[in-house]
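Novice: Sharing a sequence plus its predicted fold:
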Amino acid sequence: MKKKTLFLLPVLTAVLGAYLASNPPWPGQTEAASSPVPKYIFIFLADGAGITHMEITRQYNRTIHNEGLTIVDRILKEGFLGLLTTHPADSLSTDSAAAATALACGCKAKNGMIGICEDGHVPKTVMEIAREKGMRIGLVTNSTVYDASPAAFVSHLSNRRLYSSIIDQYLRLEPEVLLGGGRDRFLPQSQTGSRRNDEIDMIVSFQKRGYSYVSTRKELAETSGPKVLGLFSLQEMSFEIDRNKELEPSIYDMTDAAIRILQQGNRNGFMLFLETENVDSAAHLTDAASLIRDFREFDRAVALAYEFYRRHPRETLILVTSDHETGGLAFTLALKDLSSKAGKNQVAGTEKDLKKIQSISISLKKAGEILGPNPTPESIDRLMKDHFKEFSIAPEFKKAILEKTLISRTIFSDPTANALGMIVANNTQGYWLTTAHTNHPVFVGAMGVGAEKFRGYQDNTDFARHLKVLLGEKPS
């Protein structure tokens, strides 16, 4: 037996080697280890998204559309899952500026600061390092392009609201792709809709640097670069539930265009930052229907990167994360009313409630616009009949809309939207803790080259530190 084993061992080794050569392992598991430097890096940021937001969207997708989620079914299951802390330097809960600074720079910052560490140090961002390595770079968001999250990956300022300075720093770095809302800060002061304090036309300034300028979905689909500035709304772009699909691109459309523009004729690779701000915006308004629909569209954008990864598994890194959680949304057991704690007076959310949410046809922001500044009982009844057909309205929330009273000390962002949000909650048992940011840790999903670095429970500053090492920087 010993002689036979010694004889068969080299034969089995040769056969196994031949098999592995012709049947390589699934890319997400081992191919990343063969190439420690990613050529293509995707950073997907669902602003304000918590694990419960993702889980509710997953359940909604399964119930309503009989579909899964790419983030869950591909990135998290085939790649690596981690959790990130979110606290800034000066409090227990963060704003987007400090959180994005941690993700982009690798240091703690005070709330309101972008690209500057707590001690005043100004580090290079991961995107600036990528540029130094010769990689193309892109920033995509459905917020304003000068908002804190994309800004922290490129600019360094003591105040996130120095919008003109953020745009100036974009122009200095010249990302090949800059897509989102926020045309108001690019137009000269004399033009309708402008919010600048001078007569500088920043669109023209970008065009002089070789940028093609686009402002509609059709123009974006037809442009070929090599550098593109796309501004699709004066301020933030629309919620997916309200979006005019003929005019305004979605985060999926912008991701598709960005990949196409950055990849063509590219030998040095790219780093692409892609953000949905709408999850955070919806959570601030206690708007479950808008949140779910925008998370679904964000997931479709991640699917584009996943397909890209399957074509380039030894060169690609996909990261999907959030900067913080907003709202504390969760389905729970609740009392039908306050008359009794008995079991017959208790109710929990079910799949039927997800179908109720699916029946909502507009965002709560749009609902507030329809009601206007002086709603009447009749206009509220008409709104419910037209856009919230599956919902009944409790008298106290109708009164809150009419009198514009706040719901509680933690539900306070918009009296009309928040009252409508509580109507949805009362009918579905999907309740909100707050309209602000929480200190919940957030998920990070990683797949591809270097993905294993992001697994486990880590600080949000580790996110940037890992990226910097992968880009060739020495560990700090």
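Specialist: Received, thanks.
Novice: ok, residue 212 - contacts?
Specialist: 223-225, 227-229 (Cβ atoms under 8 Å, 6 or more residues apart in numbering). (C-beta placed from N, C-alpha, C; glycine too.)
Novice: Go again with 7 Å.
Specialist: 223, 225, 227-228 (Cβ atoms under 7 Å, 6 or more residues apart in numbering).
Novice: Most neighbours among those, please name it.
Specialist: residue 228 (24 neighbours; other Cβ atoms under 10 Å).
Novice: And the pLDDT at that one?
Specialist: Residue 228 is assigned 98 on the pLDDT scale.
Novice: and it, what element?
Specialist: strand 227-231 (DSSP states H and E).
Novice: Relative to that strand, what are the paired strands and their orientations?
Specialist: Each strand paired with strand 227-231, and its direction, by DSSP bridges: strand 177-181 (parallel), strand 211-214 (parallel).
Novice: which is the next helix or strand following the first one?
Specialist: Translated: strand 177-181. helix 202-208.
Novice: Let me have the contacts of residue 212 in a markdown table, extended by distance to residue 431.
Specialist: Putting these into a markdown table (distance: Cβ to Cβ, whole Å) gives the following:
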| residue | distance to residue 431 |
| --- | --- |
| 223 | 44 |
| 225 | 46 |
| 227 | 46 |
| 228 | 42 |
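Novice: how about the residues you listed, which pair is most distant?
Specialist: 223 and 227 (9.9 Å; Cβ to Cβ).
Novice: List the contacts of the strand holding residue 228.
Specialist: In contact with strand 227-231 (Cβ under 7 Å, 6+ apart) are residues 174, 176-179, 181-183, 186, 203, 206, 210-215, 220, 261.
Novice: circling back to that earlier point, looking at the contacts of residue 212, which is nearest residue 143?
Specialist: Out of the contacts of residue 212, the member with the shortest distance to residue 143 (by Cβ to Cβ) is residue 228, at 17.8 Å.
Novice: separation between the closest residue to the closest one other than its chain neighbours and residue 82?
Specialist: Once flanking residues are discounted, residue 228 sits nearest to residue 212: 5.1 Å by Cβ to Cβ, 6 or more residues apart in numbering. Distance, residue 212 to residue 82, using Cβ to Cβ, to the nearest Å: 38 Å.
Novice: Same question for residue 377.
Specialist: Per Cβ to Cβ, residue 377 is found 50 Å from residue 82.
Novice: who's more crowded, the two?
Specialist: residue 82 (24 against 11).
Novice: after the helix or strand that one falls within, next one along is what?
Specialist: Assessed by DSSP H and E, residue 82 sits inside strand 80-84. Under the assignment DSSP H and E, the closest C-terminal helix or strand after strand 80-84 is helix 96-105.
Novice: Quick one: list the elements packing against that following helix.
Specialist: helix 148-152, helix 460-470 (3 or more Cβ pairs under 7 Å, 6 or more residues apart in numbering; DSSP states H and E).
Novice: In the sheet, which strands lie alongside the longest strand anywhere in the chain, parallel or antiparallel?
Specialist: Ranked by number of residues, the top strand in the chain under DSSP state E is strand 136-144. Strand pairing for strand 136-144, using DSSP bridges, gives strand 177-181 (parallel), strand 270-276 (parallel).
Novice: Alright, calling it a day.
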